Structure formats: C-alpha cells, structure tokens
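1. Sequence first, predicted model second:
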Amino acid sequence: MIQILAGEKGEGKTKRLIDMANEAGKTSNGHVVFIDDDSRHMYDLHYNIRFVKTNLKMDDQRILFGFICGILSQDSDIEQIYIDGLHNIVENLTNDDILAFINEIEKLSSECSVDFTFIISSKKENLPEDVKKYII
C-alpha cells in the first residue's frame, strides 16, 4: 500500500507523518522505518521506530529506490516505511519522476509486503492524476 501526504510547506505534513509513524511504531508486529534528510525529528519518533538519515542529496528517484531496496535487504521484518519529503531527498524531482518512483514502489510494496507513506511538497492539483489516488 502507498499513501501520500501532499501539500505546500507549512501545512503540517511532517507532524502528521510523525504521528502516523508513532502510531505504527506502537502497534506494529514488524519493524517501522522513518527516512529523513536530516535529524531534526529523530527524537519525536517512538523508540521502536528505526530512524534512517540520508547523508546526501540524491540525484534522482532511482537512487532513492535503490537506497530503499538496500534497507529492505537488511531486514525482512519491515512492515512500514515513512519518508519525510521526497523533494528534500531527491534533487530536481519532476512529476514524471514522481510517477516512475511510485510505480516502482508499488511493485516493491506488493513483493515485500511493505506499506509506504511519504510526503510530496506540492499542491495536490499540481500532481499527475495517477498520483492523486494515493493522496490521503
């Protein structure tokens, strides 16, 4: 399953994502991972959540996809992955890139039985129609 929180900066997306991750961290039978580009919110997360900081800005969404595959290859008990801000992690992310990333993540989600929730910093109406079905 894929869920997307979309909106502009300052709309409370990160707080909502942290709340969702914390709830999952308290109730999940498997592991929960939270990926962020900085450590600001590390201490806002429940102690059961594995925090992963990306140490560099990624050139495109394929690098982030590989990064996620690496995380999943190290732990087969991951049930949920939360990503705070695709636009913060990936440089120059276009709508086509977002759509390609979602298509790959959808396959990965199905194959590995992992749910993904992430933030896209863009107005909902500016996103492609195929992406809007995942917005919560």
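-> Sure thing, it's come through.
2. OK, contacts around the residue minimising distance to the centre of the chain?
-> With the centre of the chain defined as its mean C-alpha position, the nearest residue by Cα atoms, centre = their mean is residue 83, 2.5 Å away. Neighbouring residues of residue 83 by Cβ atoms under 8 Å, 6 or more residues apart in numbering: 35, 36, 89, 116, 117, 118, 119. Using the backbone N, CA and C atoms, a C-beta is placed for each residue, glycine as well.
3. So which of those residues are in strands?
-> 35, 36, 116, 117, 118, 119 (DSSP state E).
4. For the first one, list the residues it contacts.
-> By that I understand residue 35. 52, 53, 54, 67, 68, 71, 81, 82, 83, 84, 89.
5. From the chain's centroid, how far away is whichever helix or strand the fifth one is part of?
-> According to DSSP states H and E, residue 68 maps onto helix 61-74. On the basis of Cα atoms, centre = their mean, to the nearest Å, helix 61-74 is displaced by 12 Å from the centre of the chain it belongs to.
6. Tell me the first helix or strand C-terminal of that helix.
-> strand 78-83.
7. Next, the buried residues of that following strand.
-> Of the residues in strand 78-83, 78, 80, 81, 82, 83 count as buried by neighbour count, 16 or more other Cβ atoms under 10 Å.
8. One more: stretch 21-41?
-> 21-22, 24-25, 28, 31-37, 41.
9. Excluding residues flanking it in the chain, which one is nearest residue 93?
-> Among residues not flanking residue 93 along the chain, residue 87 sits closest, at 5.5 Å (Cβ to Cβ, 6 or more residues apart in numbering).
10. quick one: the one you found and residue 20, what's the gap?
-> Applying Cβ to Cβ, to the nearest Å, the value for residue 87 to residue 20 is 19 Å.
11. Which one's more surrounded, the two?
-> residue 20 (18 against 15; other Cβ atoms under 10 Å).
12. Contacts only, for residue 120.
-> 4, 5, 6, 86, 87, 98, 127, 131.
13. circling back: okay if I get the buried residues of stretch 21-41 as JSON lines plus pLDDT and distance to residue 103?
-> Output for the buried residues of stretch 21-41, formatted as JSON lines (pLDDT from 0 to 100; distance: Cβ to Cβ, whole Å):
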{"residue": "21", "pLDDT": "97", "distance to residue 103": "24"}
{"residue": "22", "pLDDT": "97", "distance to residue 103": "29"}
{"residue": "24", "pLDDT": "96", "distance to residue 103": "24"}
{"residue": "25", "pLDDT": "94", "distance to residue 103": "28"}
{"residue": "28", "pLDDT": "91", "distance to residue 103": "26"}
{"residue": "31", "pLDDT": "96", "distance to residue 103": "25"}
{"residue": "32", "pLDDT": "97", "distance to residue 103": "24"}
{"residue": "33", "pLDDT": "97", "distance to residue 103": "21"}
{"residue": "34", "pLDDT": "97", "distance to residue 103": "23"}
{"residue": "35", "pLDDT": "97", "distance to residue 103": "19"}
{"residue": "36", "pLDDT": "95", "distance to residue 103": "23"}
{"residue": "37", "pLDDT": "92", "distance to residue 103": "23"}
{"residue": "41", "pLDDT": "90", "distance to residue 103": "28"}
